[in-house]
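>>> What shape does this take:
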Amino acid sequence: MKKIMKRMSRSGEGRVLGDQIFAAISAVEGISLSTSSRKRLESMRKRKLTTEEQRAEIIRAYTDAKSR
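Predicted coordinates for the structure are as follows:
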């Protein structure tokens with residue numbers, strides 16, 4: 001007999017975690033940001049970058065680090 005699996009429908013939208021919740025989850029997992037990452041995030045907050053600009057800056061930071 002074939003087993004039928006029901007799938008939960010997705011709304012298509014993801015969930016966005018706030019800084020404090022993400023930090024709490026990361027602390028439980030033992031993950032912490034480096035000093036340079038913390039400085040980069042603070043700088044992006046001060047400059048009020050869009051999400052696309054933030055993403056581009058993070059990608060650029062890690063791409064530049066690999067080329068060194």
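>>> quick one: low-confidence ranges for this protein?
Filtered on pLDDT under 70, the chain yields the residue ranges 1-3, 5-12, 65-68.
>>> what's the helix or strand where residue 37 lies packed up against?
According to DSSP states H and E, residue 37 maps onto helix 35-47. Other helices and strands packing on helix 35-47, by 3 or more C-beta pairs under 8 Å, 6 or more residues apart in numbering; DSSP states H and E, are helix 51-67. (C-beta placed from N, C-alpha, C; glycine too.)
>>> okay, now the closest residue to residue 44 other than its chain neighbours: neighbour count?
Leaving aside its sequence neighbours, residue 44 sits nearest to residue 54 (C-beta to C-beta, 6 or more residues apart in numbering; 5.2 Å). Using other C-beta atoms under 10 Å, residue 54 has 16 neighbouring residues.
>>> And for residue 60?
Applying other C-beta under 10 Å, we find 10 residues neighbouring residue 60.
>>> and if you look at the one 3 residues further on?
Here the count is done by other C-beta under 10 Å, and residue 63 has 9 residues near it.
>>> follow-up on the earlier one: could the C-alpha coordinates of the helix holding residue 37 be exported in PDB?
Listed next in PDB are the C-alpha coordinates belonging to helix 35-47 (Å, rounded to 0.1, in the frame of the first residue of the first chain):
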ATOM      1  CA  THR A  35      35.400  42.200  15.600                       C
ATOM      2  CA  SER A  36      35.500  43.200  11.900                       C
ATOM      3  CA  SER A  37      32.000  41.800  11.300                       C
ATOM      4  CA  ARG A  38      30.600  43.700  14.300                       C
ATOM      5  CA  LYS A  39      32.300  46.900  13.000                       C
ATOM      6  CA  ARG A  40      30.900  46.300   9.500                       C
ATOM      7  CA  LEU A  41      27.300  45.800  10.800                       C
ATOM      8  CA  GLU A  42      27.500  48.900  13.000                       C
ATOM      9  CA  SER A  43      28.800  50.900  10.000                       C
ATOM     10  CA  MET A  44      25.900  49.600   7.800                       C
ATOM     11  CA  ARG A  45      23.400  50.600  10.500                       C
ATOM     12  CA  LYS A  46      24.700  54.100  10.800                       C
ATOM     13  CA  ARG A  47      24.700  54.600   7.000                       C
END
